[in-house]
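What shape does this take:
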Amino acid sequence: MNKGIIIVDHGSKKVESNQMLLEVVDLFHQRFSSKYNIIEPAHMELAEPSIETAYNKCVEKGADFVIICPFFLGPGRHWQQDIPSLALEASKKFPGTNYHVSKPLGVDDLILDLLEKRLSSCTGNSYSCPACEGTSRAGNL
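Got it, this is the predicted structure:
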């Protein structure tokens with residue numbers, strides 16, 4: 001079985017948000033390419049590449065089994081209905097393939113560590129950093 005991985009987010013009209021997924025996929029590929037040699041980004045809606053486009057690319061690169069990994073926090077409607085439906089439609093073009101949608105990120109010790117990292121960044125910078133200065137995120141300190 002030759003596996004293809006699709007990391008999928010919601011998709012956005014904002015280029016910066018869609019670019020973030022490309023960065024995540026690139027970093028994932030750098031770290032895990034010895035385990036997963038076919039890795040593609042996808043947006044569920046609003047932007048390309050779509051799940052269908054990413055599925056096609058995985059198959060073109062030799063995948064016969066595609067694992068779709070939602071870059072979503074919770075198990076909402078997109079995970080339960082939308083992504084499986086889009087994956088099913090994409091798979092119909094390739095009868096010799098199969099797919100599986102993995103769990104979203106959810107509750108995990110690594111998420112807790114990331115939350116604490118973000119909080120420490122705020123407190124460690126006295127609540128002032130280039131990402132928030134001059135925005136409504138910074139409040140009126």
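
When you work out contacts or count neighbours from here on, use the C-alpha atoms and nothing else.
Will do.

List the buried residues in the helix or strand where residue 83 lies.
For residue 83, the host element (DSSP states H and E) is helix 83-91. Buried residues in helix 83-91, counting neighbours by 16 or more other CA atoms under 10 Å, are found at 83-84, 86-87, 90-91.

Show me the two of these that sit farthest apart.
83 and 91 (12.1 Å; CA to CA).

Report the central residue of this structure.
With distances taken as CA atoms, centre = their mean, residue 71 lies nearest the centre of the chain, 3.3 Å away.

quick one: contacts for the residue lying closest to it once chain neighbours are set aside?
For residue 71, ignoring the flanking residues on the chain, the nearest one in space by CA to CA, 6 or more residues apart in numbering is residue 9 at 4.9 Å. Counting by CA atoms under 8 Å, 6 or more residues apart in numbering, residue 9 touches 21, 42-44, 70-72.

and for stretch 82-99, what are the contacting residues?
44, 51-52, 55-56, 59, 63-68, 101.

List just the nearest of these to residue 138.
residue 44 (31.0 Å).

okay but the closest one is in contact with residue 53, surely?
No. The pair residue 44 / residue 53 is not scored as a contact, 10.7 Å apart, by CA atoms under 8 Å.

show me where this structure has strands.
3-9, 39-43, 65-70, 98-101 (DSSP state E).

As a markdown table, these with mean pLDDT and distance to residue 137 would be great.
Formatted as a markdown table, the strands of the chain follow (pLDDT from 0 to 100; distance: least, CA to CA, whole Å):
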| stretch | mean pLDDT | distance to residue 137 |
| --- | --- | --- |
| strand 3-9 | 98 | 23 |
| strand 39-43 | 98 | 26 |
| strand 65-70 | 98 | 27 |
| strand 98-101 | 98 | 34 |
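
Between those strands, which one is closest to residue 126.
It's strand 3-9; of the strands of the chain, that one is closest to residue 126 (CA to CA) at 31.8 Å.

just to revisit the earlier point, what mean pLDDT does the helix holding residue 83 get?
If you average the pLDDT over helix 83-91, you get 97.
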